[in-house]
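Q: Sharing a model that was predicted from the sequence below.
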Amino acid sequence: MGQTVTEKKTTFEDVIREKGRLVYTNVGDSMYPLIKPRDLLVITAAQTPLRRYDIPLYKRDSGQYVLHRIVKIRNGSYLICGDNRAWVEHGIEDRHIIGLLTGIIRNGEELPVRVTAKTRLWCASITLRKIVFRLRRIGKQRNKWR
């Protein structure tokens with residue numbers, strides 16, 4: 001009788017461990033406008049602890065992979081939020097961290113990930129984000145009625 005061989009599915013963690021970096025296509029809009037649809041993301045191994053404004057790839061306890069920015073560090077855990085989101089995720093620890101976004105490949109050119117004054121301002125106030133997002137929604141609703 002033949003033997004059944006089960007293939008192990010390669011994970012992001014495996015790729016980073018074996019190759020030193022992971023390059024994959026962006027899915028979703030939670031880090032827009034920094035990351036645009038179809039951008040290639042360059043993730044390298046992270047040296048923990050991370051710093052504020054870093055953008056880690058992490059794995060939630062549910063198994064879901066997420067790439068969001070650290071907006072605050074409190075009591076050894078990270079408070080993380082997507083640049084295009086208004087809610088903060090609590091309780092992300094070093095054990096969740098898979099890697100760190102170090103570059104974005106757009107139109108064949110690799111762009112470094114930089115922290116700007118705009119980034120610092122945007123991360124400083126989640127309340128500001130909520131106001132901006134609410135105003136956007138109101139503007140879209142008005143346009144629908146015209």
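A: Received it, and whenever you're ready, just let me know what you need. Remember, predicted model here, so these are calculated numbers, not experimental data. Residues are numbered from 1 along each chain as shown.
Q: Only C-alpha atoms from now on, for both contacts and neighbour counts.
A: Noted.
Q: buried sites along stretch 36-56?
A: If you call a residue buried by 16 or more other C-alpha atoms under 10 Å, then stretch 36-56 has these buried ones: 36, 39-46, 50, 52-56.
Q: what does stretch 98-108 give?
A: Here stretch 98-108 shows I98, G99, L100, L101, T102, G103, I104, I105 as buried, counting by 16+ other C-alpha under 10 Å.
Q: Which of the helices or strands spans the fourth one?
A: The secondary structure element spanning L101 is strand 97-106 (assigned by DSSP states H and E).
Q: Given that strand, what are its sheet partners and their directions?
A: strand 40-44 (antiparallel), strand 56-59 (antiparallel), strand 109-112 (antiparallel) (DSSP bridges).
Q: Kindly reformat these as JSON lines containing mean pLDDT and distance to Y24.
A: What follows is those, written out as JSON lines (pLDDT from 0 to 100; distance: least, C-alpha to C-alpha, whole Å):
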{"stretch": "strand 40-44", "mean pLDDT": "97", "distance to Y24": "5"}
{"stretch": "strand 56-59", "mean pLDDT": "97", "distance to Y24": "12"}
{"stretch": "strand 109-112", "mean pLDDT": "94", "distance to Y24": "13"}
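Q: who's the residue nearest the centre of the chain bridged to?
A: Relative to the mean C-alpha position of the chain, the nearest C-alpha, by C-alpha atoms, centre = their mean, is the one of L67, at 1.9 Å. When bridges are called by DSSP bridges, L67 pairs up with L57.
Q: Fine by me, thanks again.
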